[in-house]
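1. Show me how the following folds:
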Amino acid sequence: MPIRTTPPHAVVIGSGIGGLTAAAALHRRGWRVTVLERAASLAPVGAGIGLAPNALRALDVIGLGDEIRALATWQGDGGMRTPSGRWLSRTDARAAADRFGDPLVPVHRATLVDALAARLPDGVIRTGSPATLTDPGAAATGRPAVVTTPDGDLEADLVVGADGIGSAVRPALFPRHPEPAHAGFTTWRVVIPAPGRPFAPHETWGRGALWGTQPLKDGRVYAYAAAAAPAGGHAPDDERAELLRRFGTWHDPIPAILDAVAPGEVLRHDVRHLTTPLPAFHHGRTALLGDAAHPMAPTLGQGGNQAIEDGVVLAHHLPPTADTGAGLAAYSAARLPRTTAVVRRSARVARLLTLTSAPAVAVRETLMTLARFGPGLALRAFDGIADWRPPQHPYADRAAGHPGVGAGGERAL
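-> Just a heads-up that it's a prediction; the model follows:
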C-alpha cells in the first residue's frame, strides 16, 4: 500500500454550528477540510442560542470555550413565570455554574458562527456552493466518497452531512427511515436592540404557549416564543402582529419587547423532531451530525449544543492516520445513545408545553413551583446532559476566573 504524503480530505456539507465545529476540530486533527454552503453567505438562520456547559467544554477542544464564556451575562434573578407575572420558580446563573462547572451563555448565532469560521484557514469555506452526495464511499475497500458541486466532483476520504433538519444526505444514507415529524408546535424568535432598562432572563409558561427572554452580553435581548399550532400556519398579516395577539397581554417586559420589534424581523418555524433514531450516524465514508442526524425539539435548548458535541467527538475518533471505517463506527457508538436520550427528553418537555386544559396546566404549575422549595430541583433536569465532558483533553489555554477552572488555568476534572 502506498504511503500517504498529503493529509486526508474531509468535505463538510453545511456551514451551520455543527458543520463548522466539525470542520474546525478536523482541521486541528490534521485533516484538509472543505466546507460547502448552499447559501450565498454564512449569515445563520436563527436569532440566538444558549450555550450550555456541555457545549462550552466541547468548544474548549477547538480553543473557543473561553472566548464564549466571556460573553456570559451572569444575570441572577431569573426563573419561570405565569402569564400574569407570578413567579413559579427562581433560578440563579451561578447555581447552574456551581452544579455543572460552567454557566449558560446566551449568544447571537452570528457571533458563534463567525467565531467558528475564524478557526478555519482562508478558502476552506465555499459559499454559494450547493452539494449533492453522489457516492458515500466505502472505507473497507478504499473507495472515496464523491460530492457533486456546480464546479465539479470532489473526492473525499470523509464526508460530513451537516445540512440541517431538511438534510439531503440523511435520506441518501438511510432512504427507508422516517423523516422528522411535526412536534405539535411552532416557534418564533427575535433579537431586539439594547432596551432602555435591563430585563431579567425568564421563561413564561401559559396554556399551550411559552415565552422566553434572554439578555445578551452586548445589551440586546434575545426573545423566543412557542405555541401549540398545526404545521404550515402563517400569520394573516405579519408575525409580529401574531405575537401581539398571542402574547401582548402577558406580563412585563413582554409587551415592551414586542413594541421594539420591527415588522418583518420575526422568524417563525414549525418544530420537527426525529423520535425514531437512525440505525447509525454513518454509512461508508459519510457521517451525519446535528439536525441532519438527530433533530430535536428546542424545549431543553440542546439542538445546537448536541451538534457541537458531535463535531468534536467525530474528530476525536478520526485521527488522520486511523482507519476511517473504525473511527466512524466508534463515532456512531458514542453519539447515538446519548443524542437519542436527549431527543426523547426534549420530546417529553414538549408535551408539557402543548398542554392546554386548565387542570393539566395547574398540575404543571404545581410541579414548577416545587422547584422553588428544592434548590437544584429544576437543574436536575439537565443532569446527564450539561455535565458531559469531551473524550479528548481540551487544547485551549485555560484562564482562571470562571467556575470550574483552577488557579493554574486547568479545568478541575
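2. Let me know the pLDDT of the residue nearest to Ala228 when sequence neighbours are not counted.
-> Distance criterion Cβ to Cβ, 6 or more residues apart in numbering; nearest residue to Ala228, sequence neighbours excluded, is Gly208 at 3.9 Å. To be clear about C-beta, it is placed using only N, CA and C from the backbone, and glycine gets the same treatment. At Gly208, the pLDDT value in this model is 96.
3. One more: Pro2?
-> 52.
4. Repeat that for Ser41.
-> 89.
5. ok, for it, nearest residue in space, not its chain neighbours?
-> Thr127 is the one closest to Ser41 (Cβ to Cβ, 6+ apart), at 5.7 Å.
6. ok, which stretches of the chain are helices?
-> All helices of the chain, identified by DSSP state H, fall at 17-29, 53-60, 65-69, 93-100, 109-117, 169-173, 239-247, 254-259, 303-316, 324-353, 358-373.
7. And those: which comes nearest Ala280?
-> helix 324-353 (4.4 Å; Cβ to Cβ).
8. The closest one vs helix 303-316, what angle?
-> 170 degrees (axes from the mean of the first three to the mean of the last three Cα atoms, to 10 degrees).
9. tell me what the helix or strand bottoming out on mean pLDDT in the chain is packed against?
-> Every helix and strand in the chain was compared by mean pLDDT, DSSP states H and E; the lowest is helix 358-373, with a mean of 78. If you count contacts as 3 or more Cβ pairs under 8 Å, 6 or more residues apart in numbering; DSSP states H and E, helix 358-373 packs onto strand 87-91, strand 202-206.
10. Please identify the most buried of these.
-> strand 202-206 (a mean of 21; mean count of other Cβ atoms under 10 Å).
11. Next, the angle from that one to helix 358-373.
-> Using the same axes, to 10 degrees: strand 202-206 against helix 358-373 is 150 degrees.
12. Give me the contact list for strand 202-206.
-> Residues from elsewhere that reach strand 202-206, judged by Cβ atoms under 8 Å, 6 or more residues apart in numbering: 78-83, 88, 210-213, 250-251, 254, 353, 361, 364-365, 368.
13. Then stretch 130-147?
-> In contact with stretch 130-147 (Cβ under 8 Å, 6+ apart) are residues 11, 13, 36, 38, 148-150, 153-159, 161, 168-169, 172-173, 283-286, 323-325, 328.
14. Pull out the buried members of the residues you listed.
-> Among those, those classed as buried by 16 or more other Cβ atoms under 10 Å are 11, 13, 36, 149, 154, 156-159, 161, 168-169, 172-173, 283-286, 324-325, 328.
15. Which of those fall within strands?
-> In strands, defined here by DSSP state E, the members of these are 11, 13, 36, 149, 154, 156, 158-159, 161, 283, 286.
16. Out of those, the closest to Ser332 would be?
-> Of those, the one sitting nearest to Ser332 (Cβ to Cβ) turns out to be His283, at 9.5 Å.
17. Quick check: closest non-adjacent residue to that closest one.
-> With Cβ to Cβ, 6+ apart, the residue lying closest to His283 is Leu173, at 4.2 Å.
18. For that neighbour, report the pLDDT, please.
-> 98.
19. what does Pro319 give?
-> 95.
20. now do Ala322
-> Value for Ala322, per-residue pLDDT: 88.
21. likewise the one 3 residues further on?
-> At Gly325 the predicted local confidence, pLDDT, stands at 97.
22. about what we covered before: adding pLDDT and distance to Thr186 as columns, could you present the ones in strands among the buried ones among the contacts of stretch 130-147 in CSV?
-> Below are these laid out as CSV (pLDDT from 0 to 100; distance: Cβ to Cβ, whole Å):
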residue, pLDDT, distance to Thr186
Val11, 98, 34
Ile13, 98, 27
Leu36, 98, 30
Thr149, 97, 34
Leu154, 98, 37
Ala156, 98, 37
Leu158, 98, 36
Val159, 98, 33
Gly161, 98, 26
His283, 98, 33
Thr286, 98, 32
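23. What is the most widely separated pair among these?
-> Going by Cβ to Cβ, the pair spanning those furthest: Thr149 and His283, at 20.6 Å.
24. do you know how far the residue lying closest to Ala341 once chain neighbours are set aside is from Val361?
-> Excluding the flanking residues, the one nearest Ala341 by Cβ to Cβ, 6+ apart is Gly384, at 7.5 Å. To Val361, Gly384 is 27 Å away according to Cβ to Cβ, to the nearest Å.
25. Which one's more surrounded, those two?
-> Val361 (17 against 13; other Cβ atoms under 10 Å).
26. which ones are touching the more buried one?
-> Neighbour list for Val361: 206-207, 355 [criterion: Cβ under 8 Å, 6+ apart].
27. wait, which of these is closest to Phe185?
-> Nearest to Phe185 out of the contacts of Val361 is Leu355 (Cβ to Cβ; 11.1 Å).
28. Return the residues in contact with the closest one.
-> Leu355 sits in contact with 207-208, 361, 364, where contact means Cβ under 8 Å, 6+ apart.
29. Identify the farthest-apart pair in those residues.
-> Most distant of the contacts of Leu355, by Cβ to Cβ, are Gly208 and Arg364, 11.1 Å apart.
30. And those two? Which one has more around it.
-> Gly208 (19 against 16).
31. Give me the distance between the residue nearest in space to the middle of the chain and Asp66.
-> Centroid-nearest residue in the chain: Gly304, 0.7 Å away (criterion: Cα atoms, centre = their mean). Relative to Asp66, Gly304 is positioned 19 Å away (Cβ to Cβ).
32. filter the contacts of strand 202-206 to the buried ones?
-> Here, 16+ other Cβ under 10 Å leaves 78-83, 88, 210-213, 250-251, 254, 353, 361, 364-365, 368 buried among these.
33. Just the buried positions in stretch 336-349, please.
-> 336, 338-340, 342-343, 345-347.
34. Now distance to Glu309 and pLDDT too, for those, in JSON lines please.
-> JSON lines is the format used below for those (distance: Cβ to Cβ, whole Å; pLDDT from 0 to 100):
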{"residue": "Leu336", "distance to Glu309": "12", "pLDDT": "98"}
{"residue": "Arg338", "distance to Glu309": "8", "pLDDT": "98"}
{"residue": "Thr339", "distance to Glu309": "8", "pLDDT": "98"}
{"residue": "Thr340", "distance to Glu309": "13", "pLDDT": "98"}
{"residue": "Val342", "distance to Glu309": "10", "pLDDT": "97"}
{"residue": "Val343", "distance to Glu309": "13", "pLDDT": "98"}
{"residue": "Arg345", "distance to Glu309": "15", "pLDDT": "95"}
{"residue": "Ser346", "distance to Glu309": "15", "pLDDT": "96"}
{"residue": "Ala347", "distance to Glu309": "19", "pLDDT": "96"}
